[in-house]
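Enquirer: fold the following, please.
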Amino acid sequence: MFLGSEFNIITSLELAHYLSLNKDSSITHDYLLKVLPRIKDALSLKLEAQVNLEDIGKQSREIANYLIHLF
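Expert: So this is what the prediction gives:
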């Protein structure tokens, strides 16, 4: 679940799966993609947007995932 040398990064997809499996949450990954940019400052989170490889060359790219830096 954690990435990076200090194990402080998770993905929004992993967070959605964790919440669903361990916290009986109905929060979807699509919902997290919409809400994370709005709440990141209040939670002191750093986000890095990721796009699908097939969308790299497109001008209008949809965000497929976020890397979430926890601290």
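Enquirer: C-alpha from now on. contacts and neighbour counts both.
Expert: Will do.
Enquirer: all helices of this structure, in order?
Expert: Under the criterion DSSP state H, the chain contains helices at 12-22, 29-39.
Enquirer: need the residues that contact stretch 36-53.
Expert: Residues outside stretch 36-53 that contact it (C-alpha atoms under 8 Å, 6 or more residues apart in numbering): 61-71.
Enquirer: just the ones of those residues in strands?
Expert: 63-69 (DSSP state E).
Enquirer: coming back round to it: buried subset of the contacts of stretch 36-53 as a ChimeraX selection?
Expert: Burial among those is assessed by 16 or more other C-alpha atoms under 10 Å; the matching ChimeraX selection reads:
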select :64,65,66,67,68,69
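Enquirer: how about the contacts of stretch 36-53 in JSON lines, adding pLDDT?
Expert: Supplementary listing: these in JSON lines, determined by pLDDT from 0 to 100:
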{"residue": "61", "pLDDT": "86"}
{"residue": "62", "pLDDT": "90"}
{"residue": "63", "pLDDT": "93"}
{"residue": "64", "pLDDT": "95"}
{"residue": "65", "pLDDT": "96"}
{"residue": "66", "pLDDT": "96"}
{"residue": "67", "pLDDT": "95"}
{"residue": "68", "pLDDT": "94"}
{"residue": "69", "pLDDT": "90"}
{"residue": "70", "pLDDT": "81"}
{"residue": "71", "pLDDT": "76"}
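Enquirer: before we move on, the earlier item: make JSON lines from the ones in strands among the contacts of stretch 36-53 and add distance to residue 49 to it.
Expert: Formatted as JSON lines, these follow (distance: C-alpha to C-alpha, whole Å):
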{"residue": "63", "distance to residue 49": "6"}
{"residue": "64", "distance to residue 49": "8"}
{"residue": "65", "distance to residue 49": "6"}
{"residue": "66", "distance to residue 49": "5"}
{"residue": "67", "distance to residue 49": "7"}
{"residue": "68", "distance to residue 49": "9"}
{"residue": "69", "distance to residue 49": "11"}
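Enquirer: right, I'll leave it there.
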